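Colleague: show me the folded form of this:
(one chain, ligands or ions: 1)
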Amino acid sequence: MSEEELREIEETRVEQAIEGEDIAIKVRGLKNSFGDQTVHEHLDLDVRKGEILGVVGGSGTGKSVLMRSIIGLQTPDEGDIHVFGESMIGRLDDEALAVRKRWGVLFQGGALFSTLTVAENVEVPIREYYPNIGPQLRDEIAAYKIRMTGLPTEAGPKYPAELSGGMKKRAGLARALALDPDLLFLDEPTAGLDPIGAAAFDDQTRKLQQTLGLTVFLITHDLDTLYSICDRVAVLADRKVIAVGTIQELLATDHPWIQEYFNGPRGRAATAAVEREKNRAADGAPDGRR
Ligand SMILES: Nc1ncnc2c1ncn2[C@@H]1O[C@H](COP(=O)(O)OP(=O)(O)OP(=O)(O)O)[C@@H](O)[C@H]1O
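Modeller: This is a model prediction of the structure:
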């Protein structure tokens, strides 16, 4: 092998290493099926470190199944999944523990334990992963996480049934942040919230992501969320990710679902709202996006 060939191989290796360092989640050739229903086939996706990636697709296209595959709640039929460079397929819980501790998950609807208070809910992952942390420090961490999500301190001793929908989402977010994650999974975080509550939740997500340097995998049907806080958007259709990019890049594709979704009346309304907000911000007016 000539010196030049060796140098080329080394350069490729370095490039791959650099590329690998920038990727938080790498999914390759994913296949998931339930009986004779194939939900994913040949699905590839990269989530870059430090981005908010919006994941969209029609109902039943497998957005939640994709998230569950990445976090190990669904065993795929085929494919590779790496999170922060660690393979997630076929790993025992203990083996993947170091990576599992690096993510937090807000499930659809919050998925809070109804018999536990908000503070106790936030403490669940701390008890599970750090059993040596004593009750006083655990309480302090929970109180801090609760405040971080914009909930009042008084929310800590309340039970989920005593909270509004928006407060439940924030409580779920506080629990997702309990272990200081690098990676946050949010499954339809603004579903069921009124527009003002949804905009406030989006703002909180963006602020936390920027302050804590988080990577966010965000499943949503909410066009306002996509336009206002997502760096890139991945589109699921035909059992795979058919496109990923900024909204402008997606608009340049001619896939009928993408065109209908982003260029339909609601997509245009969301674009107009973002433009209005930009103009308002340029004029120095207070926030009033939706
Ligand atoms: N445990 C399961 N057993 C059988 N089928 C399942 C299971 N989980 C998901 N599915 C099926 O897989 C498909 C994809 O489901 P998934 O919940 O991922 O869709 P989604 O894109 O998140 O939908 P939505 O936007 O409506 O939440 C659906 O047809 C669903 O019925």
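
Colleague: so, low pLDDT: which residues of the stretch 51-200 of the chain?
Modeller: 92-95 (pLDDT under 70).

Colleague: near the ligand, which residues of it?
Modeller: Contact residues (Cβ under 6 Å from any ligand atom) of the stretch 51-200 of the chain with the ligand: Gly57, Ser59, Gly60, Thr61, Gly62, Lys63, Ser64, Val65. Glycine gets a C-beta too; all of them are placed from N, C-alpha and C.

Colleague: which ones among those map onto strands?
Modeller: Gly57 (DSSP state E).

Colleague: output the residues of the stretch 51-200 of the chain next to the ligand as CSV; include the columns neighbour count and distance to Asp46.
Modeller: Listed next are those as CSV, based on neighbours: other Cβ atoms under 10 Å; distance: Cβ to Cβ, whole Å:
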residue, neighbour count, distance to Asp46
Gly57, 20, 17
Ser59, 6, 25
Gly60, 11, 24
Thr61, 21, 19
Gly62, 24, 17
Lys63, 22, 16
Ser64, 18, 20
Val65, 20, 18
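
Colleague: hmm, which two among the residues of the stretch 51-200 of the chain next to the ligand are most spread apart?
Modeller: With Cβ to Cβ as the measure, no two of those lie farther apart than Ser59 and Val65, at 12.4 Å.

Colleague: which stretches of the stretch 51-200 of the chain form helices?
Modeller: Using DSSP state H, counting those that start in this stretch, the helices assigned to the stretch 51-200 of the chain run over residues 63-70, 97-100, 118-129, 135-148, 165-176, 195-212.

Colleague: which of those helices is buried the deepest?
Modeller: Mean neighbour count (mean count of other Cβ atoms under 10 Å) peaks for helix 165-176 among those, with a mean of 24.

Colleague: tell me the helices and strands packed up against the host helix or strand of Arg280.
Modeller: Using DSSP states H and E, Arg280 falls within helix 265-282. Contact partners of helix 265-282 among helices and strands, from 3 or more Cβ pairs under 8 Å, 6 or more residues apart in numbering; DSSP states H and E: helix 223-229.

Colleague: change it to 10 Å
Modeller: Using 3 or more Cβ pairs under 10 Å, 6 or more residues apart in numbering; DSSP states H and E as the contact test, the elements touching helix 265-282 are helix 195-212, helix 223-229, helix 247-251, helix 256-263.

Colleague: now for the second one, which elements pack on it?
Modeller: Using 3+ Cβ pairs under 10 Å, 6+ apart as the contact criterion, the secondary-structure elements in contact with helix 223-229 are strand 52-57, helix 195-212, strand 215-219, strand 232-237, helix 247-251, helix 256-263, helix 265-282.

Colleague: cutoff 6 Å now
Modeller: helix 195-212, helix 265-282 (3 or more Cβ pairs under 6 Å, 6 or more residues apart in numbering; DSSP states H and E).

Colleague: then the third one?
Modeller: When contacts are defined as 3+ Cβ pairs under 6 Å, 6+ apart, helix 247-251 packs onto no helix or strand at all.

Colleague: and it, how far out from the chain's middle?
Modeller: Relative to the chain's own centre, helix 247-251 is displaced by 20 Å; criterion: Cα atoms, centre = their mean, to the nearest Å.

Colleague: try the first one
Modeller: On the basis of Cα atoms, centre = their mean, helix 195-212 sits 13 Å off its chain's mean C-alpha point.

Colleague: contacting residues for Glu242?
Modeller: Slight slip there: residue 242 is Ile, not Glu. Counting by Cβ atoms under 6 Å, 6 or more residues apart in numbering, Ile242 touches Val235, His255.

Colleague: Gly50: neighbour count?
Modeller: 15 (other Cβ atoms under 10 Å).

Colleague: pretty sure it sits in a helix.
Modeller: No: Gly50 is assigned coil when assessed by DSSP: H, G, I helix; E, B strand; the rest coil, not a helix.
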